[in-house]
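# Sequence and predicted structure are below.
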Amino acid sequence: MVWRVEFDKKADKDLEKIDDQAKRCILKYLSERIETEEDPRRFGDPLRRDLAGLWKYRVGSYRVICDIQDHVLIVLVVRIGDRKDVYQKKTQTQKRS
């Protein structure tokens, strides 16, 4: 089996914001490990709660959040970010205390 890694629009924007060295590491990780692996879940961890159904990969201090689509052999990257804030929900209106 050969998996294909694709990026949604949000992940493309996330990747543009990352410095070049980290970007190269992330792309290398996805192409050398995930695309060539029989089971892309081997290197990742499942997410829970609001992100249940998605998987994360650790690449340095960055996290790559993916939707693994078995029926079409695609690993869809949906978010990329630093581990400290990649899991936070982005809302347009913040609650004020």
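On my side now, so go ahead.

# can you give me the helices for this protein?
Remark: helices assigned in the chain by DSSP state H are 9-17, 20-29.

# Pipe the ones you listed into CSV and attach mean neighbour count, distance to Arg58 and mean pLDDT per row.
Every C-beta, even on glycine, is put in place using the N, C-alpha and C of the backbone. Shown next, in CSV, are the helices of the chain (neighbours: other CB atoms under 10 Å; distance: least, CB to CB, whole Å; pLDDT from 0 to 100):
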stretch, mean neighbour count, distance to Arg58, mean pLDDT
helix 9-17, 13, 16, 94
helix 20-29, 14, 9, 95
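
# got those as CSV, with distance to Glu37 columns?
Below are the helices of the chain laid out as CSV (distance: least, CB to CB, whole Å):
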stretch, distance to Glu37
helix 9-17, 19
helix 20-29, 11
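
# of these, which approaches Leu47 most closely?
Minimum separation from Leu47 across the helices of the chain (CB to CB) falls at helix 9-17, 15.1 Å.

# tell me what that closest one is packed against?
strand 74-82 (3 or more CB pairs under 8 Å, 6 or more residues apart in numbering; DSSP states H and E).

# and the strand it packs on with helix 20-29, angle?
150 degrees (axes from the mean of the first three to the mean of the last three CA atoms, to 10 degrees).

# give me the low-pLDDT residue ranges for the chain?
1, 88-97 (pLDDT under 70).

# Of all the helices of the chain, which one comes closest to Ala52?
Using CB to CB, the nearest of the helices of the chain to Ala52 is helix 9-17, at 18.5 Å.
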